[in-house]
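Undergrad: From the sequence below, what's the structure:
(2 chains)
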There are 2 protein chains.
Amino acid sequence: MKILITSGGTTEKIDSVRGITNHSTGKLGKIIAETFLRNGHQVSLVTTENAVKPETNLNLSIYKISNVASLMETLEPLVKSHDVLIHSMAVSDYTPVYMTDFENLKNTQDLDTLLHEKNTESKISSNSDYQVLFLKKTPKLISLVKDWNPMIQLIGFKLLVDVCKDQLISVARASLSKNQAAYILANDLNQIKGNQHKAYLVSATEALTLETKDQIADAIYQKVSNND
Amino acid sequence: MKILITSGGTTEKIDSVRGITNHSTGKLGKIIAETFLRNGHQVSLVTTENAVKPETNLNLSIYKISNVASLMETLEPLVKSHDVLIHSMAVSDYTPVYMTDFENLKNTQDLDTLLHEKNTESKISSNSDYQVLFLKKTPKLISLVKDWNPMIQLIGFKLLVDVCKDQLISVARASLSKNQAAYILANDLNQIKGNQHKAYLVSATEALTLETKDQIADAIYQKVSNND
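TA: Numbers count the residues shown, from 1 in each chain, chains lettered A, B, ... in the order given. Okay, the predicted model is just below:
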């Protein structure tokens, strides 16, 4: 099987020196990739500069991306040519539009006009005490996957912070049907520490409880290969 | 001599999963540290998780920081106990205060009140098309160095983007006197590519032109050891 995995976190540039980063080490995606490689599958890993990566392997292709735009461009043709997408990457949900002084905001009559401004300077500099950054929603990549390839088996990820098990599972179920995913791996940032990585692998009919990154990788591997 | 070097770029958290990062690989700081180590000096390197670092060395201590607050806390005692500070780290100039929907901004009468709001949720989530992030200036760390230790020899860094040589040198001279630095290394992002790293090592009386990271490290080493 041809397995496509995303890992790491995207960065949306504010200017040429600053960006908004979704923090993700890439560790889980690396372990999932290694699990499929160990079992003789071909793996394409779409990841970021700072994410940890598996060692070189004849069956492994690595594609580096930085922001949501480059992720979309890289992923579309890959989705079309793979059997499974395991989308563990932390993707930015907003991207910078315009940054300006707070004073400028206060002096603007029609605030909507600021959404159409652009910074022309390469490095936004300012002496003002407060600045305001306008951000725009990025396209929801996971919702496009089945349009690109209706046959692909999609495993999505949902990271929440400090919620109960019921909420995790209900958010996962909503994402499952909305994005036509086979499974959603739902996890809570507060329950990821060192070796511990509590998660629920949620389908329409079950919710498997997992405790470590290795268990998560094994469970995803089992589900994907049983479906084959 | 006891040499203190900073490298990498700080990240200011927006919430528990997102942050604003000043992009810096840490390569230049690493080469400067290696140059001093090779010449028998004791080096303390204050750096970030993602920055590249020199190999383990008995004369090298590494301190990891994340944001401006942790940098300040780590740096103050170190500045007091070192002879030289080479401050090559890309330090965030603004830190997030509050993030809200654009609609909420439009419905707020007195915009100043938004500067005193705080996000209570761990992961800011929103379905709105646009969001607004308020940012506050961080303390200018370099201006505190001489207060902490009037005897320390300070080498500061100035990174600009797409400016002419005269402007680079005049900005460096302004920083030199404002922060009581011995030297400012002024460089332009557009002139840093692969092996090339054009820079000017600026003092009150001279401006040395340098072309690579090795040349920069050697020039700083020469100036610092001649001053000894």
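Undergrad: quick one: is the helix or strand of chain A with the lowest mean pLDDT near chain B?
TA: Across the helices and strands of chain A, mean pLDDT, DSSP states H and E gives its lowest value to helix A:102-106, namely a mean of 93. Yes. Counting by Cβ under 8 Å from any Cβ of the partner chain, chain B has neighbours in helix A:102-106: A:F102, A:L105, A:K106. Heads up, the C-betas are built off the backbone N, CA and C, glycines and all.
Undergrad: Only the buried residues of that helix, if you could.
TA: For helix A:102-106, the buried set under the neighbour-count rule, 16 or more other Cβ atoms under 10 Å in any protein chain shown, comprises A:F102, A:L105.
Undergrad: Mind giving me the packing neighbours of the helix or strand just after that helix?
TA: Heading C-terminal from helix A:102-106, the first helix or strand you meet, by DSSP states H and E, is strand A:130-137. If contacts are counted by 3 or more Cβ pairs under 8 Å, 6 or more residues apart in numbering or on different chains; DSSP states H and E, strand A:130-137 sits against strand A:94-101, helix A:102-106, strand B:130-137.
Undergrad: Report the angle between strand A:130-137 and strand B:130-137.
TA: If you take axes from the mean of the first three to the mean of the last three Cα atoms, to 10 degrees, strand A:130-137 sits at 150 degrees to strand B:130-137.
Undergrad: in strand A:130-137, what counts as buried?
TA: A:Y130, A:Q131, A:V132, A:L133, A:F134, A:L135.
Undergrad: what's the answer for stretch A:176-194, then?
TA: Buried residues in stretch A:176-194 (16+ other Cβ under 10 Å): A:176, A:179, A:181-189, A:191-192.
Undergrad: for the record, mean pLDDT for it?
TA: Averaging the model's pLDDT scores along stretch A:176-194 yields 95.
Undergrad: What are the contacting residues of it?
TA: A:88, A:142-143, A:145-146, A:153-163, A:168-169, A:171-173, A:175, A:197-204, A:216, A:220, A:223, A:227, B:16-17, B:122-123 (Cβ atoms under 8 Å, 6 or more residues apart in numbering or on different chains).
Undergrad: one more time with 6 Å, if that's ok
TA: Stretch A:176-194 is contacted by residues A:142-143, A:146, A:153-162, A:168, A:172, A:175, A:198-203, B:16 when judged by Cβ atoms under 6 Å, 6 or more residues apart in numbering or on different chains.
Undergrad: And for stretch A:101-110?
TA: Residues outside stretch A:101-110 that contact it (Cβ under 6 Å, 6+ apart) are A:S126, A:S128, A:Y130, A:V132, B:L111.
Undergrad: now that stretch: how far from the chain's centre is it?
TA: 34 Å (Cα atoms, centre = their mean, to the nearest Å).
Undergrad: Next: stretch A:182-200.
TA: 14 Å.
Undergrad: What pLDDT is listed against the nearest residue to A:N179 once chain neighbours are set aside?
TA: Distances taken as Cβ to Cβ, 6 or more residues apart in numbering or on different chains put A:I142 closest to A:N179, at 4.9 Å, once the chain neighbours are dropped. We have a pLDDT of 95 for A:I142.
Undergrad: Then the one 5 residues further on?
TA: Here, the pLDDT recorded for A:D147 equals 97.
Undergrad: For chain B, see how far away it is.
TA: As for A:D147, its distance to chain B is 21 Å (criterion: Cβ to the nearest Cβ, to the nearest Å).
Undergrad: and what of A:I169?
TA: 17 Å.
Undergrad: For the residue nearest to that residue when sequence neighbours are not counted, give the beta-bridge partners.
TA: Setting aside the residues directly before and after it, A:I169 is nearest to A:A207 in space (Cβ to Cβ, 6+ apart), at 5.2 Å. Beta-bridge pairing of A:A207 under DSSP bridges involves A:V202.
Undergrad: what number of residues lie near A:A207?
TA: For A:A207, the count of nearby residues is 16 (other Cβ atoms under 10 Å in any protein chain shown).
Undergrad: Can you read off the pLDDT for it?
TA: 96.
Undergrad: That one contacts A:S170, correct?
TA: No. Here A:A207 does not reach A:S170: they are 10.2 Å apart, not a contact under Cβ atoms under 6 Å.
Undergrad: which helices and strands sit right next to the host helix or strand of A:L78?
TA: Following DSSP H and E, one finds A:L78 within helix A:68-80. In terms of contacts (3 or more Cβ pairs under 6 Å, 6 or more residues apart in numbering or on different chains; DSSP states H and E), helix A:68-80 is packed against helix A:145-148.
Undergrad: gap between the helix or strand following the helix it packs on and the chain center?
TA: Where DSSP H and E defines the elements, the next helix or strand beyond helix A:145-148 is strand A:153-160. Computed by Cα atoms, centre = their mean, the chain-centroid distance of strand A:153-160 equals 9 Å.
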